[in-house]
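S.K.: what shape does this take:
(one chain, ligands or ions: 1)
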Amino acid sequence: MKGKNRIKNTMIFTVGLFAITFLQSCNSNTVSNKKVTNESLKTEKITPIVIGTWNFPKAIEAASQVLKNGGSALDAVEQGCRAEEANAENQTVGIGGLPDRDGNVTLDACVMNEKGDYGAVVGVQNIKHVVSLARKVMEDTPHALLSGRGAEQFAESIGFQQEDLLTESSKKAWEEWKIKSEYKPIINIENHDTIGMLAMDVEGNISGACTTSGLAYKMAGRIGDSPVVGAGLFVDNEVGAAVATGLGEEVLKTVGSFLIVELMRQGKSPQEACEEAIKRIVNKPNSNYKDFQVCYIAINKKGEVGSYAIHEWFSYNIYTNGESKNIKSDFYLKP
Ligand code: SD4
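M.R.: Numbering: from 1, shown residues only. Here you go, the predicted structure:
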């Protein structure tokens, strides 16, 4: 009997051991379902990456410099956006931005960090670096979004420089526009050049920022998607981030950036998620998508990138592995 029991016990032990080993091996094979967290990334070497809408070499250079020096993703996107806010030749961002119908340059911006904190300003006049003002709202106030005069007063109280943002060439363009006063944004021209940036730093943290003067010759008080969380920008440090450019009204109505991040959470690649978000706009009943442009870029936690636009000629800049380049985006409306 004793001998029989010993054999039985040995068999139970062996079967148990086999079951545990089998279950463990199943678990280690489900890497694709495993959440990519900062903890799991710590064991891997992270390649910093930054992407930005359109082709702004100075912005990608400023942002990449921060990452090369081991700086944070938030600092990188802020510095990148600031480079473009200071560029008077860009008529959709910062100084030199095209004005609204009344001739006022009004700026919108937002930032979002790896903790899911968000700060934004809308309809701000006479302050060039609204991306930094949005960051101050996020970090130094109990609020997330400040508008118009209140945002300007806050900026003044913390020493932001005030200046006239309407340049001679933007004023001239507005005066020419007033002759016909026809509000019809031109694809890839009057919708063009808002900068949105997404970065992942050496710690594997993701942040994003977006800054714009909005659509040229908009009605006074009009706010687009760019400063609105989930529409123009969304960051989820567990999953990835997305940012938009183009006709803000359409991005707002489909909460595009949040949609992209949620699609990535469900397993789509950044490319697939951007394509789906564009299709949501295109497939709306009575969509007149042939008359406007919307573009998205996105990154995920693995450093994969995607982009998609309705029309041709959208491009984005990318810095990774010590190299910057401009990439032409795929698009929906093929000739
Ligand atoms: C807006 N989405 O205010 C912005 C405009 C833009 O490139 O992206 N221009 O609607």
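S.K.: gap between the residue nearest to the spatial centre of the chain and the ligand?
M.R.: Most central in the chain under CA atoms, centre = their mean is Val243, positioned 2.8 Å from the mean C-alpha point. Separation of Val243 from the ligand (CB to the nearest ligand atom, to the nearest Å) stands at 10 Å. C-beta here means a position set from N, CA and C on the backbone, and glycine is covered the same way.
S.K.: ok, that residue - contacts?
M.R.: 53, 196-198, 208, 210, 232-233, 257, 296-298 (CB atoms under 8 Å, 6 or more residues apart in numbering).
S.K.: and those residues, which of them are in strands?
M.R.: Counting by DSSP state E, those place 53, 196-198, 208, 210, 233, 296-298 in strands.
S.K.: correct me if wrong: Gly116 contacts Phe234.
M.R.: No. Applying CB atoms under 8 Å, one finds Gly116 not in contact with Phe234, separated by 9.7 Å.
S.K.: tell me which of those two has more neighbours.
M.R.: Neighbour tally, Gly116 and Phe234, criterion other CB atoms under 10 Å: the higher count belongs to Phe234, 28 against 12.
S.K.: dig out what the more buried one forms beta bridges with.
M.R.: Beta-bridge pairing of Phe234 under DSSP bridges involves Ala242.
S.K.: that one: what's it in contact with?
M.R.: Neighbours of Phe234 in contact, by CB under 8 Å, 6+ apart: 112, 208, 241-242, 257-258, 260-261.
S.K.: what's the pLDDT at it?
M.R.: The score at Phe234 is 98. That number is its pLDDT.
S.K.: excluding its backbone neighbours, what's nearest Asn300?
M.R.: Among residues not flanking Asn300 along the chain, Gly240 sits closest, at 3.7 Å (CB to CB, 6 or more residues apart in numbering).
S.K.: and the one you found, backbone torsions?
M.R.: Per-residue torsions, Gly240: phi 160, psi -160 (degrees, to the nearest 10).
S.K.: and what of the one 5 residues further on?
M.R.: Note on Thr245: its backbone torsions stand at phi -150, psi 160 [degrees, to the nearest 10].
S.K.: ok, so of the contacts of Val243, who is nearest the ligand?
M.R.: Gly232 (6.2 Å; CB to the nearest ligand atom).
S.K.: contacting residues for the closest one?
M.R.: Neighbouring residues of Gly232 by CB under 8 Å, 6+ apart: 110, 196, 210, 224-226, 243-244, 248, 251, 256-257.
S.K.: any chance of these in CSV, plus pLDDT?
M.R.: Below are the contacts of Gly232 laid out as CSV (pLDDT from 0 to 100):
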residue, pLDDT
Cys110, 98
Gly196, 98
Cys210, 98
Gly224, 97
Asp225, 98
Ser226, 98
Val243, 98
Ala244, 98
Gly248, 96
Val251, 98
Gly256, 98
Ser257, 98
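S.K.: tell me the buried residues within the contacts of Val243.
M.R.: 53, 196-198, 208, 210, 232-233, 257, 296-298 (16 or more other CB atoms under 10 Å).
S.K.: restricted to helices, list the contacts of Gly232.
M.R.: 248, 251, 256-257 (DSSP state H).
S.K.: what subset of those is also close to the ligand?
M.R.: Residues of the ones in helices among the contacts of Gly232 in contact with the ligand (CB under 6 Å from any ligand atom): Gly248.
S.K.: and the residue in the stretch 1-150 of the chain positioned nearest to the ligand, helix, strand or coil?
M.R.: The nearest approach of the stretch 1-150 of the chain to the ligand comes at Thr92, 5.0 Å away (CB to the nearest ligand atom). Three-state assignment for Thr92 (DSSP: H, G, I helix; E, B strand; the rest coil): coil.
S.K.: so after the helix or strand harbouring Val122, what's the next helix or strand?
M.R.: Using DSSP states H and E, Val122 falls within strand 118-124. Under the assignment DSSP H and E, the closest C-terminal helix or strand after strand 118-124 is helix 130-140.
S.K.: do that following helix and the ligand meet?
M.R.: No. Applying CB under 6 Å from any ligand atom, one finds helix 130-140 separated from the ligand by no less than 12.7 Å.
S.K.: kindly export the helix or strand hosting Gly150 (C-alpha atoms) in CSV.
M.R.: Per DSSP H and E, Gly150 falls inside helix 148-157. Only the C-alpha atoms of helix 148-157 are listed here, as CSV (Å, rounded to 0.1, in the frame of the first residue of the first chain):
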residue,chain,number,x,y,z
GLY,A,148,-9.8,85.4,-23.7
ARG,A,149,-9.3,88.3,-21.2
GLY,A,150,-8.9,86.0,-18.2
ALA,A,151,-6.1,84.1,-19.9
GLU,A,152,-4.5,87.4,-20.9
GLN,A,153,-4.6,88.7,-17.4
PHE,A,154,-3.1,85.5,-16.1
ALA,A,155,-0.3,85.8,-18.7
GLU,A,156,0.4,89.4,-17.7
SER,A,157,0.4,88.5,-14.0
